[in-house]
Structures are given as structure tokens and as C-alpha cells.
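Student: Got a predicted model here, sequence first, then my questions.
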Amino acid sequence: MPENNISYKQLFILMAEQKKYKVLKPSYSQKQNSIDFILEGQINKSPIKVSVDLKKKNGKNPNKWVYLEFHNSKGGDGWLYGACDFVVFETDDNFIFVNRKNLIKYLNLSNLVRWDLPYVDKPWNSKYRLFRRKNTLETITQIKVEDLKSIPNIQIWQKP
């Protein structure tokens with residue numbers, strides 16, 4: 001199986017190919033709209049084609065927390081509002097596929113993120129709170145990996 005020194009993207013591609021998906025590179029405009037890969041394959045003998053935004057694991061707590069971006073550094077829509085079908089979050093042990101629209105719906109309905117409180121001063125303090133880097137309009141938060149698992153229709157690819 002893969003050596004420890006391959007990148008998370010290389011590992012993702014390898015795993016997708018082992019699952020009989022064809023991995024395609026996005027066009028320039030797709031890349032600009034938060035699409036890292038396009039997977040083509042079959043589910044129950046029906047052809048599928050889905051786009052993926054792959055998120056590298058969080059360095060300090062990769063199995064507990066993931067970052068979400070509501071607004072980019074210029075104040076425009078963050079990657080959460082990109083064009084991908086699935087956001088795929090890497091943890092130490094797996095890749096978690098979350099339907100992007102279901103994630104947004106979950107965030108809107110759950111009231112997990114505290115929009116009513118002031119911004120926090122450090123990104124690691126952004127657990128269910130909002131953080132903005134100095135001199136940018138970026139808005140990010142963190143939610144628990146366990147929260148992702150309560151969103152409908154997720155899929156988990158266990159790492160080798």
C-alpha cells in the first residue's frame with residue numbers, strides 16, 4: 001500500500017482509482033470555483049460524475065475539528081459556497097465525503113455556529129465561533145468531525 005510520504009491528494013487519487021473511479025482534473029474555471037477533482041464511475045450500474053473539494057486535515061486536531069470558510073479573504077463567498085458536489089474532509093484515518101448543500105443546510109438549521117457573538121482573536125479559538133484574519137474579510141469557523149457524521153448521506157473512505 002502507499003508509503004507514508006505521499007501527499008493527501010495523491011492518497012485520495014489512489015484510493016479513488018482503487019474504488020474504480022476515474023479521476024479527472026477540473027478546468028481552470030472549475031478550479032477557481034473550489035473543485036479539486038471530478039470523479040467518474042458507477043453506482044449500482046448507473047454512471048455518476050461528481051465534483052470534489054478536498055480539504056487537508058487540520059494539523060493539531062485532525063480527528064476532532066474541521067475548518068469551514070464562509071467568506072474568502074476578499075469578502076466573497078468562501079469555499080463552502082463553491083460549485084462542488086462534495087466537500088471531502090481528511091482526518092488521520094479517513095476521508096469524509098459530505099454533500100456540500102447538505103452541509104450548508106445542516107449549518108443553517110443546527111445553529112451550531114454563534115453568529116451572534118464577536119469574532120474570536122485566534123483561529124484555534126474558532127470552535128463554533130467566527131474568526132477573521134487581520135486585514136482580511138475572511139470568515140472561518142470550526143465544527144467537530146462528529147458533527148459531519150450526523151449530516152445525511154455522508155460517505156467515509158477508510159485510509160489503508
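Tutor: Cool, got the structure.
Student: only C-alpha atoms for contact and neighbour calcs from this point on.
Tutor: OK.
Student: Any regions of this structure where pLDDT drops low?
Tutor: Applying pLDDT under 70 to the chain flags the ranges 1-4.
Student: where along it do the helices fall?
Tutor: Along the chain, counting by DSSP state H, helices occupy 8-18, 28-32, 100-110, 145-148.
Student: and the second one, which residues are buried?
Tutor: Right, the one you point to is helix 28-32. Gln30, Lys31 (16 or more other C-alpha atoms under 10 Å).
Student: Report the spatially nearest residue to Ile156, omitting neighbours in sequence.
Tutor: Take Ile156 and drop its neighbours on the chain: the residue closest to it by C-alpha to C-alpha, 6 or more residues apart in numbering is Ile96, 4.6 Å away.
Student: For that neighbour, give the beta-bridge partners.
Tutor: On the basis of DSSP bridges, Ile96 is bridged to Phe89, Ile156.
Student: With Asn102 as the reference, measure out to Ser147.
Tutor: That one is not Ser; residue 147 is Asp. For Asp147, the distance to Asn102 (C-alpha to C-alpha, to the nearest Å) stands at 12 Å.
Student: could the helices of the chain be laid out in JSON lines, adding distance to Lys45?
Tutor: Shown next, in JSON lines, are the helices of the chain (distance: least, C-alpha to C-alpha, whole Å):
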{"stretch": "helix 8-18", "distance to Lys45": "17"}
{"stretch": "helix 28-32", "distance to Lys45": "27"}
{"stretch": "helix 100-110", "distance to Lys45": "24"}
{"stretch": "helix 145-148", "distance to Lys45": "28"}
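Student: what is the closest residue to Pro123 other than its chain neighbours paired to in the beta sheet?
Tutor: Distance criterion C-alpha to C-alpha, 6+ apart; nearest residue to Pro123, sequence neighbours excluded, is Phe131 at 5.9 Å. Here Phe131 shows beta-bridge partners Val120, Ile140, assigned using DSSP bridges.
Student: Count the residues that sit near Phe131.
Tutor: 23 (other C-alpha atoms under 10 Å).
Student: ok, and the closest non-adjacent residue to Ser126?
Tutor: Ser126 sits nearest to Thr141 (C-alpha to C-alpha, 6+ apart), 5.1 Å away.
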